[in-house]
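*Asks:* sharing a model prediction with you, sequence too.
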Amino acid sequence: MDDSGDSGRPQPGAGGAGPGPGKPKRPAEPGGGLLMGRPFGVPVYVAPSWFVVAALITWVFGGQLDRVLPELGGARYLVALFFAIAFYASVLVHELAHTVAALRYKLPVRRIQLQFFGGVSEIEKETETPGREFVLAFVGPLLSLVLGGVFYGAMQLVEPGTVPGVLLAGLMISNLIVAAFNLLPGLPLDGGRMLRAVVWKITGRPMSGTVAAAWVGRALAVVVLVGLPLLTHTGTLGGGSQDIGGVETVMDALLAAILAGIIWTGAGNSLRMARLREHLPGLRARTLTRRAVPVESATPLSEALRRANEAGARALVVVDGQGNPKGLVRETAIVGVPDHRRPWVAVSGLAQDLTDGMRIPAELAGEALLDRLKATPATEYLVVEETGEIYGVLSTADVERAFVKAMARPGS
């Protein structure tokens, strides 16, 4: 299964309180398992869940090989393991198709992850047009279809009933299944993104496309939950129904429940991310900024708070003798100082040194604002005008509250 697409933007200020005084921490590189390489500069990870699925594929395919090639004996499991690795290599090619298309459209790709039931390409921005959205979604299944054709062609060059013949047949069938499954018209599958692009083109509204494709995805989840066990129980997917026992029935039901859960959850996440993007423009640094008063480093905290109260301000900026900003007094540090201690504590001891990454233009808004906060994690940021004049202080907590409020609004 493929969940290529937007990974979703992190919550602003993720990780709780920002770094203490001094140089802010660099954002951690995306993880997610064992790093396998960086094709096209994009890290590829193998999630721990992959090893579980690889073992399951090895066991199931090894049992099938025992019926087709009984002379292999125990070596059949080595062949089955090779098949599992080759299959996920095909999944990686599928994901690389999405990645190359995204990079072609100048869309950043955070990572590729091979995991339970397939892979995911985490593309961090939305395409600008429905045509690009359609192409970006279609290239993955297209590459899987091409791989299926390549393996079919290779089958013609080997003897049927041999190890190479069985492996190539399995890889051909599995790639065709991956292509067909991902072309189903419901999010989070590639077919769902293609449906989204079509509805977006017709209505002119990406949100309408997301809503339509997400609800079709939820309907698909119900169909998979009910239909897959029914098809296998009746023998429609191969084998006679009389050969299906209780263990197989339970396994089929469990597989259907997992697949349905993944599709349902992915469709819901797609809806939430669409609502997020629809409301992101309302997150503006200028409107979220707290008024601030400048204070010199030796100023007692009690005096600084008195000045702030008189000015109706909610933030403190530490400046030098020439009025240049040097640091921001952290709100959490102020709360930690008892009232009776405040006349004896200088604001410099509660301030975080100001770095270039903590200077935010007052006109910054939406996704660009969240990207800036993500690049330099902190609890407070200095908001400045184009002239460099201090406008105020932006608190991560205020951005988080605005973010949650925006997401709570009914979708349009």
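*Replies:* That came through, no problem.
*Asks:* so where's the chain shaky on pLDDT?
*Replies:* 1-32, 232-249, 407-412 (pLDDT under 70).
*Asks:* thought residue 90 was touching residue 145?
*Replies:* No. Residue 90 sits out of contact with residue 145 when judged by CB atoms under 8 Å, with a separation of 11.3 Å. (Each C-beta comes from the backbone N, C-alpha and C, glycine too.)
*Asks:* looking at these two, which is more packed in?
*Replies:* A count of neighbours by other CB atoms under 10 Å puts residue 90 above the other of residue 90 and residue 145, at 21 against 16.
*Asks:* helix/strand/coil for the more buried one?
*Replies:* Here residue 90 is recorded as helix under DSSP: H, G, I helix; E, B strand; the rest coil.
*Asks:* and it, how close does it get to residue 52?
*Replies:* Separation of residue 90 from residue 52 (CB to CB, to the nearest Å): 19 Å.
*Asks:* just the strands in the stretch 201-350 of the chain please.
*Replies:* Per DSSP state E, counting those that start in this stretch, the stretch 201-350 of the chain carries strands over the ranges 292-296, 315-319, 325-329.
*Asks:* overlap in contacts, residue 90 and residue 145.
*Replies:* Common contacts of residue 90 and residue 145 (CB atoms under 8 Å, 6 or more residues apart in numbering): residue 175.
*Asks:* at which residues are the helices of the stretch 151-300 of the chain located?
*Replies:* Remark: helices assigned in the stretch 151-300 of the chain by DSSP state H, counting those that start in this stretch are 163-182, 190-203, 206-233, 246-279, 285-288.
*Asks:* that older thread, can you add distance to residue 386 and mean neighbour count and give the strands of the stretch 201-350 of the chain back as CSV?
*Replies:* Output for the strands of the stretch 201-350 of the chain, formatted as CSV (distance: least, CB to CB, whole Å; neighbours: other CB atoms under 10 Å):
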stretch, distance to residue 386, mean neighbour count
strand 292-296, 18, 20
strand 315-319, 18, 23
strand 325-329, 16, 22
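*Asks:* in CSV, list the helices of the stretch 151-300 of the chain along with distance to residue 349 and mean neighbour count.
*Replies:* As requested, the helices of the stretch 151-300 of the chain are exported to CSV (distance: least, CB to CB, whole Å; neighbours: other CB under 10 Å):
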stretch, distance to residue 349, mean neighbour count
helix 163-182, 57, 19
helix 190-203, 52, 23
helix 206-233, 48, 19
helix 246-279, 38, 17
helix 285-288, 27, 18
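*Asks:* right, and those helices - which one's nearest residue 395?
*Replies:* Evaluated with CB to CB, the helices of the stretch 151-300 of the chain place helix 285-288 nearest to residue 395, the distance being 8.0 Å.
*Asks:* list the contacts of stretch 316-333.
*Replies:* By CB under 8 Å, 6+ apart, stretch 316-333 touches 17, 21, 292-297, 304-305, 308, 315, 334, 347-348, 350-354, 358, 379-382, 390, 393, 395, 397.
*Asks:* just the buried members of those?
*Replies:* 292-295, 304-305, 308, 315, 334, 347-348, 350-352, 354, 358, 379-382, 390, 393, 395 (16 or more other CB atoms under 10 Å).
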